[in-house]
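J.: need a structure here:
(4 chains)
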There are 2 protein chains.
Amino acid sequence: MRPKLKENVQKSVTLTPLRVACSGCNLRELCLPMKLSIADMEQVDDLISLKHAYQRGDYLYRSGAKFQALYAIRTGFFKTQVLHEDGREQVTGFQMAGEIIGMDAISSDAHACDAIALEDSEVCEIPFGRLEELSRKLPSLQRHLHRILSREIVRDQGIMLLLGSMRAEERLAVFLLNLSQRYATRGYSPTSFHLRMTRQEIGSYLGMKLETVSRTLSHFQGLGLISIRKKSVELNNLSGLQTIVGPPQQLL
Amino acid sequence: MRPKLKENVQKSVTLTPLRVACSGCNLRELCLPMKLSIADMEQVDDLISLKHAYQRGDYLYRSGAKFQALYAIRTGFFKTQVLHEDGREQVTGFQMAGEIIGMDAISSDAHACDAIALEDSEVCEIPFGRLEELSRKLPSLQRHLHRILSREIVRDQGIMLLLGSMRAEERLAVFLLNLSQRYATRGYSPTSFHLRMTRQEIGSYLGMKLETVSRTLSHFQGLGLISIRKKSVELNNLSGLQTIVGPPQQLL
DNA sequence: CGGGGACTTGATACTGTTCAATTTCCGTGG
DNA sequence: CCACGGAAATTGAACAGTATCAAGTCCCCG
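T.: Okay, here's the model as predicted:
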């Protein structure tokens, strides 16, 4: 696959740098905002050339495993979770195509959480040593890497806000709206999609029990906000969901 | 202050590189793990030379403010908080001497949270553009920056676990033990310290109401685990607190 | 020395959990 | 292809943990 790609680069002058680096690996996240020359782009392209397939249930990495690479999800769906020694588990995120995963491992050279495929997926490996090396030469790559790391921090802060100060209904509404927006960004319907995760996993992520997730979804359905049947959801009233997130009782 | 420092560098051969870069600014976090030549160290030293004082209640930065620099806390104590439009606020962290703050702003060039001094504090400014520039030249600085960013991600994951799967008692025990450990690292007593924040702020951080914080602290005192009088805490039984965090009822 | 914020404590209300019983669905093997 | 078995999901009822509301105290700062 890769050689063919390189030929494309050389032959097709009309190909924008963007499309070159992203054609081997649909890395919206990694490539979109960068302005690179063709030559530079090829270097980035080389970096992310390794591609692996994972089946549903497979671990992309396990907590404690030696850190070697970041991973760019090309297709599919993952969850990340941290395990407490006493058996508690907390889902820390759901990741879909175009997102980068594994950044927790940089700090200690070992992964701090598990990443598990929720459906069959393809992933590009980004050897971190080489990424650092290359980003020393390419300021725009460097800047982009920093943005990705920082975005993860901001995302986590949002989840803290959610877990620390929202009620069950609000959390679930935020969750659905977030999925909706992410699917929309990727060209899928923002109002009709499949949940790749179980109620239990949603509950773990949102800090509530699976029964509460189920009840709350049923409640939303009763209000006509959504239609849900097992894992297929339809959001019938996006602004209605927004209202639930907003001031439930008049605060401030 | 800075000129004097440079003279020290030139005259005192016995000064280790570490002590040079840290003498102007007590940046355990930023400097400790790096191996740099004297010349490189001086460059890092130059980078972090700007120092500012903040009084209790002052904002180090506000949400939305343009991103210009990271900040290394030299002395004092800060909190960071995110505000939801409907007035809800969530404290996302308490930062003390030696910690780096402001990394949320890299992703969008604007700060995503407020940082407020909880006591009179001194802070070193680290212009981020120059930090990036220098870290392109110094791989060990680059690596260290990445570790700091990643550590923040790991920290946030820990808080998600706390908020998502622990009960009030456990959260508070974790909180006290975490403070204890951080004070110990800095050479202060791990068992006797002042809380710099209000019950309300602790509650916001831990996802509970101030009354619950107060009650739970009283409860710990009743158990003989701690002694607390307003803001002074004494941890009388560290392993007892650990037990509270551990399996409360036999899980798994 | 006053005033107001911070804190504590109690009584009550409510949200979400726990336990339990069914039902539905999906993958597997006959 | 259908039947089966087990996991996932739904729903109900009782319960537990926190939040809420309300007094009252303490103490820090001006």
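
J.: I'd like to know which residues of chain A are adjacent to DNA strand C.
T.: Residues of chain A lying close to DNA strand C by C-beta under 7 Å from any atom of the strand are A:Arg167, A:Ala168, A:Glu169, A:Gly207, A:Met208, A:Lys209, A:Glu211, A:Thr212, A:Arg215, A:Arg229, A:Lys230, A:Lys231. For the C-beta atoms, the positions are set from N, CA and C on the backbone; glycine is no exception.

J.: Could you report the neighbour count for the fifth one?
T.: For A:Met208, the tally of surrounding residues (other C-beta atoms under 10 Å in any protein chain shown) stands at 20.

J.: Tell me how far the nearest residue to it once chain neighbours are set aside lies from DNA strand D.
T.: Nearest non-adjacent residue to A:Met208, counting by C-beta to C-beta, 6 or more residues apart in numbering or on different chains: A:Ala168, 5.2 Å away. As defined by C-beta to the nearest atom of the strand, to the nearest Å, A:Ala168 lies at a distance of 12 Å from DNA strand D.

J.: wait, what's in contact with A:Ala168?
T.: Residues in contact with A:Ala168 (C-beta atoms under 8 Å, 6 or more residues apart in numbering or on different chains) are A:Leu206, A:Met208, A:Thr212, A:Thr216.

J.: what do you get if the cut-off is 10 Å, keeping everything else the same?
T.: Residues touching A:Ala168, when contacts are defined by C-beta atoms under 10 Å, 6 or more residues apart in numbering or on different chains, comprise A:Gly203, A:Leu206, A:Gly207, A:Met208, A:Lys209, A:Thr212, A:Val213, A:Arg215, A:Thr216, A:His219.

J.: Surely the last one is within a helix?
T.: Put plainly, it is A:His219. Yes: looking at A:His219 with DSSP: H, G, I helix; E, B strand; the rest coil, it is inside a helix.

J.: ok, it to chain B distance?
T.: Counting by C-beta to the nearest C-beta, to the nearest Å, the separation of A:His219 from chain B is 21 Å.

J.: Buried only: go through the contacts of A:Ala168 for me.
T.: For the contacts of A:Ala168, burial is judged from neighbour counts taken by 16 or more other C-beta atoms under 10 Å in any protein chain shown, and it is met by A:Gly203, A:Leu206, A:Gly207, A:Met208, A:Thr212, A:Val213, A:Thr216.

J.: could you dump those residues to JSON lines with pLDDT?
T.: What follows is these, written out as JSON lines (pLDDT from 0 to 100):
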{"residue": "A:Gly203", "pLDDT": "97"}
{"residue": "A:Leu206", "pLDDT": "98"}
{"residue": "A:Gly207", "pLDDT": "97"}
{"residue": "A:Met208", "pLDDT": "97"}
{"residue": "A:Thr212", "pLDDT": "97"}
{"residue": "A:Val213", "pLDDT": "97"}
{"residue": "A:Thr216", "pLDDT": "97"}
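
J.: Taking these, tell me the two that lie furthest apart.
T.: By the measure C-beta to C-beta, A:Gly207 and A:Thr216 form the most distant pair in the buried ones among the contacts of A:Ala168, at 12.6 Å.
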